[in-house]
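Q: sequence and predicted structure below; questions after.
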Amino acid sequence: MVRIIGYKERQKENGDSFFVLELQGGIEMVMSKITGSFYATAKRAFLPSTFDEQTCTALIGTEMAGSITKEACEPFEYVVKETGEEITMNHRWVYVTDEAVQQKKEAVKYEQNVIANENVFSKNGILAHAE
């Protein structure tokens with residue numbers, strides 16, 4: 001489950017504005033690479049919408065089925081607000097429905113179960129039916 005915790009106004013390239021919903025996943029415990037101590041965090045993602053500002057405001061607090069997952073993307077520069085450090089990111093956090101996650105798991109499972117039989121392929125470049 002994810003929860004709508006806010007919204008932000010964004011601009012399209014043509015200057016038109018639209019609203020994105022700010023989503024947050026459930027609490028997660030993560031171990032610090034530096035201290036080895038655990039800390040609580042939650043993943044966040046933004047979801048474009050067709051809603052007006054009044055609707056976005058009314059939706060805050062709504063829970064939706066799904067989760068926030070890591071997705072690879074083109075590298076981009078990001079400035080950590082707390083420290084001012086500039087880092088290069090090559091992933092982003094995106095919202096996915098439970099159905100999409102299940103379909104992906106099934107696709108991976110299916111791919112892992114496929115084993116090619118090399119005897120059905122021609123080894124001399126001449127088309128011949130397998131016996």
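A: Cool, the structure landed. Numbering: from 1, shown residues only.

Q: got phi/psi on residue 83?
A: Dihedral pair for residue 83: phi -110, psi -20, per degrees, to the nearest 10.

Q: so what's the most centrally placed residue in the chain up against?
A: In the chain, the centroid-proximal residue (C-alpha atoms, centre = their mean) is residue 94; its distance is 2.9 Å. Shown in contact with residue 94 (C-beta atoms under 8 Å, 6 or more residues apart in numbering): 45, 68-69, 71. In this view, the C-beta of every residue, glycine as well, is placed from N, C-alpha and C.

Q: mind saving the C-alpha coords of stretch 21-39 as CSV?
A: Extracted in CSV, the C-alpha atoms of stretch 21-39 (Å, rounded to 0.1, in the frame of the first residue of the first chain):
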residue,chain,number,x,y,z
LEU,A,21,0.6,13.4,-6.5
GLU,A,22,3.3,12.7,-3.9
LEU,A,23,3.2,9.0,-2.8
GLN,A,24,4.9,7.4,0.1
GLY,A,25,5.3,3.7,0.8
GLY,A,26,5.3,1.9,4.2
ILE,A,27,8.0,2.2,6.8
GLU,A,28,11.2,0.3,6.1
MET,A,29,14.2,-0.4,8.2
VAL,A,30,17.6,0.3,6.5
MET,A,31,21.1,-0.3,7.9
SER,A,32,23.5,2.6,7.7
LYS,A,33,26.6,1.7,5.6
ILE,A,34,28.7,4.0,7.8
THR,A,35,27.6,3.2,11.4
GLY,A,36,25.8,-0.2,11.0
SER,A,37,22.8,1.2,12.9
PHE,A,38,19.3,0.9,11.6
TYR,A,39,17.1,3.8,10.7
